[in-house]
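Asker: mind folding the following:
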Amino acid sequence: MTGTHDHGRERLRREADAQLRARPPLPTWQKRVLERFAVEHGTGWYTLLNQFAPHTPDNRPDVVLVGPGGVLVVLLRDDEPHWEATRAAFVWTAELLAGLATPHGLLTEAALRAVVVHPAGYSDTGNRGEHTAITESELDRVLLPAETALDPADALAAARHLDTRTFDLTPIAWNPHRIPRPRGAGQLGSSGRDSGLFEVRQLRQERLDAAVRGPFQDWRLFLDDVQLGAVRRQYSGPARITGPAGTGKSVLALHRLAYLARRSTGELLFTTHLSGLPKLVREQFHALAPQVAHRVQFRNLHSWARELLAERGRETTVDDRAVEAAFTAVWERSGRRGPLANARPSRLYWKDEIDRVIKGRGLGTLEAYRAAPRRGRGGRLSTGFRAHVWEFYCEYERELCERGIYDHNDVLIRALDELGREPLPRNYSAVVVDEVQDLALVGLRLVHAISGSGPNQLLLVGDGQQQVFAGGWRLSEAGISLRGRGEVLRRNYRNRAAIVEAASELDAVNRFDDLDGGPAVNLRRALPVLSGGQVVRWNGTEQHEAVLSALRELDETAETALLTRTNAAAQEWVEVLRRNGFPVVRLEDWDGSPDGGIRVGTLHRAKGSEFRAVFLPDERRPISYHRDELETLQRQLLVAATRARDHLWIGALEQEDE
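Answerer: Sure, this is the predicted structure:
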């Protein structure tokens, strides 16, 4: 067996040697590297040499390798190249591969990696941001990948595509016109064609199979046609991506960040209202585009604003307990027995009125408040009654001032004022805002001030059905105009059909006016592409035992989450699960790793995540007859239910007999 293997490698080496002797000579060490690349054809690698090497133009690669480790954009250099040359070679190759259809979908730039090879003895190697630097004696580092990026059919399709798309690259030690023997359904060669194009039905089936095997690995390398088009589209101003849960909005946004990072020089920003999401997304981006990850900031918007204020000598720290104490003091003094409580006795309702309508909109006068829309807030407030609310708000502000504390809206308002006084010295190359529907209006204005309105600089990602805070707005109120720029995604790749059907039964009203009158797609109109799934609906009085029993019946509890609406309920379930021997990881401490126990936390913490199985136990709560509260609850349940891919458990507590 060894002799046969060695014979095959020697045959490939000689074939490469013959081809190289028929062209302008390469330096001896570069010829050795090319021969080593060529013999790896036996392990699935395809070598394409630049016709102009060793005098390759600065913006082109010397070699492109396509194989199990992906697409390697290779520069052969005696010295360290300028980063612009590496980036230009990467982008040139990526543009050639743009829109390539493989058996698993359309290939993305995540399959590409820039590598600089130096002669033996060169000492300064390692990761260089734009590329990985190795010597000719370290080629195994890239030729023996830790994980397979492309299967044989994908690699052959990409190699053939490069051969036909440009005169610059020529195959070494392999024949792009030789039709390989059939490889099985869905793989190149099964149809007897060598064009690299496949039947649409085959493409989709392979894509579905890959989605089942791995939630992010597949998304990292392959997208569908609509998604890849949105990644690469050039927008003349702010743009948006919207669509129901599970349609890949956040993953598409990460691909676009990587795409823009490789074609710009400045820093980029991914931000959101949620505190836990940036940590999870950062890990995904490092897997997607490690070579540009150092140029992208992943920040919660409030933490970004606090840092800006601290840098400019206006440090603004928020103590949530102190803020709650201040509001409680004002409520007990003026709210509980006043007109507000007579109209609606919920202190939380009036706290939200301040947070989402008055301060959330940055309103500075009673007249402005009287004219302000209150979408999704429920119950009309007359202009006369709004004077009572404004008086209560002013007392709350005085209480904060006397205690010397700030709330979260103060941070955003002060940061927005600071940027109005002195803009950023240099704009970000691009800003992506995820879960934009949960931002208050002042937050939306802040991200607009951070990004500006230049081409490709601001991308808004969100879905109104997943809005968990009442109080809507229109983009025009933040000075943002889309003018038709953006995408509406419709294919649900996350949830199996049974999960989508169950979640669609929820009456989750869209109060997020992000489209300014444009078309929207709710979950009922989404197109689930994964069949099957299981939904269990339980009702009874012994919910703890029911959940524990259902967890024990699962084949495995890996990638399982138990989600609640409140922190108190989450803490209760942490204690219940641990008492009964289940390992638990709090969502607030979870870093996105696949190991660990059952994830437990609030649905707010779960936004942006997905799990194989999700449990939604019921929580005892007073029955509300207010439409806005019922609508908010339905949207929250929709968010929680659509975190599940394969299995969803929904509990309903019955009233125990007295």
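
Asker: state the mean pLDDT of stretch 281-290.
Answerer: Mean per-residue pLDDT for stretch 281-290: 91.

Asker: could you do stretch 536-546 as well?
Answerer: 95.

Asker: how far does that stretch stretch from start to finish?
Answerer: With Cα to Cα, to the nearest Å as the measure, stretch 536-546 spans 11 Å from end to end.

Asker: could we number from 47 for the rest of this?
Answerer: In the new count, where the first residue is 47, that last one comes out as stretch 582-592.

Asker: who does the longest strand along the chain touch, helix- and strand-wise?
Answerer: Ranked by residue count, the top strand of the chain under DSSP state E comes out as strand 690-699. Contact partners of strand 690-699 among helices and strands, from 3 or more Cβ pairs under 8 Å, 6 or more residues apart in numbering; DSSP states H and E: strand 537-542, helix 543-550, strand 580-586, helix 589-599, strand 657-662. (Each C-beta comes from the backbone N, C-alpha and C, glycine too.)

Asker: who are the packing partners of the helix or strand just after the longest one?
Answerer: Same thing as helix 589-599. For helix 589-599, the following helix or strand on the C-terminal side (DSSP states H and E) is strand 606-610. Strand 606-610 sits against helix 613-625, strand 644-648, helix 649-652, strand 657-662, with contacts defined as 3+ Cβ pairs under 8 Å, 6+ apart.

Asker: quick one, which of those is nearest to residue 414?
Answerer: Residue 414 lies closest to helix 649-652 among those, at 29.3 Å (Cβ to Cβ).

Asker: confirm residue 523 sits in a strand?
Answerer: No: Residue 523 is assigned helix when assessed by DSSP: H, G, I helix; E, B strand; the rest coil, not a strand.

Asker: just give me the neighbour total for the closest residue to residue 657 other than its chain neighbours.
Answerer: Once flanking residues are discounted, residue 657 sits nearest to residue 607: 4.3 Å by Cβ to Cβ, 6 or more residues apart in numbering. Residue 607 has 26 neighbouring residues, counting by other Cβ atoms under 10 Å.

Asker: cool, residue 655 as well?
Answerer: Using other Cβ under 10 Å, the number of residues around residue 655 comes to 21.

Asker: and residue 465, by the same measure?
Answerer: 18.

Asker: on that earlier part again, isn't the residue nearest to residue 657 right up against residue 651?
Answerer: No: the criterion here is Cβ atoms under 8 Å, and residue 607 misses it with residue 651 at 9.6 Å.

Asker: got any residues that touch both of these two?
Answerer: residue 633 (Cβ atoms under 8 Å, 6 or more residues apart in numbering).

Asker: thinking again about what came up before, so which of the helices and strands packed on strand 606-610 comes closest to residue 289?
Answerer: The nearest among the helices and strands packed on strand 606-610, by Cβ to Cβ, is helix 649-652 at 18.7 Å.

Asker: output the contacting helices and strands for that closest one.
Answerer: Applying 3+ Cβ pairs under 8 Å, 6+ apart, we find helix 649-652 packed against strand 606-610, helix 673-687.

Asker: I am finished for the moment; much appreciated.
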